[in-house]
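**Q** Let's see this in three dimensions:
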Amino acid sequence: TLNKRIYETNTNNIVQNRAWTGLYAIYLKDWLKVFPRNQVFVLFLEDYRKRKTELLQEVSEFLG
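**A** Numbers count the residues shown, from 1 in each chain. Have a look, this model is predicted:
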């Protein structure tokens, strides 16, 4: 399955590794099987680029 294959990364294949990294939703689903949603902070790189200070404040508040 794709879920199983995604964790079998070959460090010699940069293109494949970058493609797998882009499938972050699969990784996120796996994390959410282990941790409750209120313990996971998700942010998007695009948002970080636009609002660094604000997002870092949100991360700080999330971490307590």
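
**Q** how deep is the nearest residue to V42 once chain neighbours are set aside tucked in, by neighbour count?
**A** The shortest distance from V42 to any non-neighbouring residue, by C-beta to C-beta, 6 or more residues apart in numbering, is to L28 (6.9 Å). C-beta coordinates here come from the backbone N, C-alpha and C atoms, glycine included. The local packing count at L28 equals 12, with neighbours defined by other C-beta atoms under 10 Å.

**Q** these two touch, right, L28 and F44?
**A** No - because the distance of 11.9 Å does not satisfy C-beta atoms under 8 Å, L28 is recorded as not touching F44.

**Q** Show me where the protein dips below the pLDDT cut-off.
**A** Under the criterion of pLDDT under 70, the regions of the chain flagged as low confidence span 1-22.

**Q** how about 80 then?
**A** 1-23 (pLDDT under 80).

**Q** so where do the strands sit in the chain?
**A** Taking DSSP state E, the chain contains no strands at all.

**Q** Now do Y27: how many residues are near it, please.
**A** For Y27, the count of nearby residues is 14 (other C-beta under 10 Å).

**Q** what about it, distance to E54?
**A** Spatial separation of Y27 from E54 under the definition C-beta to C-beta, to the nearest Å is 25 Å.

**Q** got it, and L43?
**A** In this structure, L43 lies at 11 Å from E54, with C-beta to C-beta as the measure.

**Q** Kindly report the same for K29.
**A** 27 Å.

**Q** Could you give the number of residues near the residue nearest to F62 when sequence neighbours are not counted?
**A** With C-beta to C-beta, 6+ apart as the criterion, F62 has its nearest non-adjacent residue at 4.7 Å, and that residue is F41. Here the number of neighbours of F41 (other C-beta under 10 Å) works out to 11.

**Q** Hmm, L56 and F41 touching each other?
**A** No - between F41 and L56 there is no contact under C-beta under 8 Å: 11.4 Å.
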